[in-house]
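> using only what follows, build the 3D model:
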Amino acid sequence: MPKLRSTNNRFLFLGNTFKYLLLFILCGHSLALAQDSIQQVEAIEGDGIYSLLRRHGFAPSKYYQEFIELNKEKLKETNQLYAGGLYKIPDSTLAKAQTEVETTTEKEYPIFGEKHAKVERSSNRLQNTVYYLISGHGGPDPGAVERYKGKTIAEDEYAYDVTLRMAKELLSHGAEVFLIVRDENDGIRDDRILEIDHDEVVYPDKVIPLNHVQRLKQRTEVVNQLYQKNRGKYQRLIVTHVDGRTKGTNIDVFFYHHHKSKNGKRLAESIHETFKKKYKKFQPNRKYTGTFKDRSGLYLIRNTLPAIAYIEIGNIRSKKDQRRFLDPDNRQALAKWISEGILLDYETRLD
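Numbers count the residues shown, from 1 in each chain. Just a heads-up that it's a prediction; the model follows:
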């Protein structure tokens with residue numbers, strides 16, 4: 001009997017050894033798979049993060065932040081890529097599989113253009129909210145203009161592109177979004193030079209008047225009518241402009257609100273705080289000087305009913321600021337950061 005127990009113990013020992021060996025092999029195999037799931041790709045001339053991700057089968061809006069985390073040591077100060085540089089991306093087959101699983105949550109919005117029409121629902125964090133988005137100027141008024149490499153660039157085109165990208169971000173979290181200024185054939189554009197046109201309208205299809213005060217009045221009336229129809233819902237207004245102050249003066253993104261609106265102040269402050277954190281993370285050697293303050297004298301801030309945040313994304317006449325909004329990846333980053341500030345505002349509301 002003692003001998004039999006010894007034999008059993010030996011078999012037990014060998015069995016456990018085999019189990020641990022098998023576990024080690026499986027773990028090693030899993031580790032290898034995890035390591036293999038990250039691959040490197042080369043950035044070609046003219047590539048931004050969005051174009052690189054899209055070329056390798058990734059949904060850029062979904063993987064943009066992950067890409068930055070993987071490659072933060074290899075990116076330029078404004079998250080631009082170096083042509084010829086090697087950058088890490090997750091395994092494209094994994095991205096494809098995830099995209100296939102999520103197709104049932106996709107919707108198409110032609111206003112974003114053929115390339116960007118599909119919007120993937122990533123969460124319901126903004127369900128039962130309504131956002132009105134106004135991009136500055138439009139129609140007969142291009143806003144501030146400047147010459148860049150022999151071509152004219154205009155405020156309204158860049159404010160509109162950022163606003164479209166913001167709308168897509170908010171829709172992906174379940175918000176209801178109204179684009180107050182809209183251009184049916186521009187869509188989201190991935191160019192540095194955005195062609196100027198004058199065919200923008202005000203929701204749903206109102207011709208934009210030439211007179212400045214009439215333009216502001218028209219937008220105010222549309223927003224206020226929609227606000228009345230959506231009473232009882234969480235409603236906010238975001239206005240986006242590009243500044244046109246003295247040539248050469250660079251400014252950080254800054255925000256206005258109405259001094260009597262606690263909700264407007266919190267909205268502007270939430271977006272402002274988000275930008276401060278983003279600058280600290282992605283540009284640690286550069287102080288962020290953007291502010292948020294009262295500008296209740298502005299027509300839209302003074303006369304619209306929803307709580308409002310009025311945003312200036314840069315100075316079109318500053319070479320430094322031009323880098324912020326001429327690069328399509330930077331316009332996407334602006335839209336994403338503003339949207340994250342909007343999420344922060346909604347999720348920290350007092351009700």
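> residues contacting H257?
For H257, the contact set (Cβ atoms under 8 Å, 6 or more residues apart in numbering) comprises 264-265, 267-268, 292-295, 301, 307-310. Quick note: C-beta positions are derived from backbone N, CA and C, even for glycine.
> domain ranges for the protein?
Taking automatic domain parsing as the reference, the chain has its domains at 2-101, 106-347.
> can you list the contacts of H257 in TSV and add secondary structure, distance to G341 and pLDDT?
Converted to TSV, the contacts of H257 look like this (DSSP: H, G, I helix; E, B strand; the rest coil; distance: Cβ to Cβ, whole Å; pLDDT from 0 to 100):
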residue	secondary structure	distance to G341	pLDDT
G264	helix	13	97
K265	helix	13	96
L267	helix	8	97
A268	helix	9	97
F292	strand	10	87
K293	strand	16	93
D294	strand	18	96
R295	coil	18	95
I301	helix	18	98
A307	strand	13	98
I308	strand	14	98
A309	strand	8	98
Y310	strand	13	98
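> hmm, which two among those residues are most spread apart?
Of all pairs drawn from these, the one with the largest separation by Cβ to Cβ is K293 and A307; the distance is 15.6 Å.
> compare the two and say which one has the larger neighbour count.
Regarding K293 and A307, a neighbour count based on other Cβ atoms under 10 Å identifies A307 as having more, with 20 against 12.
> OK, contacts around the more buried one?
Q235, R236, L237, H257, S261, N263, G264, R266, L267.
> give me the neighbour count for the third one.
Looking back up the chat, that one is L237. 28.
> isn't it right next to I308, touching?
Yes. With contacts counted by Cβ atoms under 8 Å, L237 reaches I308, the gap being 4.3 Å.
> okay, and the common contacts of the two?
By the contact definition Cβ under 8 Å, 6+ apart, L237 and I308 are jointly contacted by L300.
> how near is K88 to F58?
12 Å (Cβ to Cβ, to the nearest Å).
> please read the previous query as pertaining to A335.
Applying Cβ to Cβ, the value for A335 to F58 is 18 Å.
> confidence score at R54?
For R54, the pLDDT comes out at 74.
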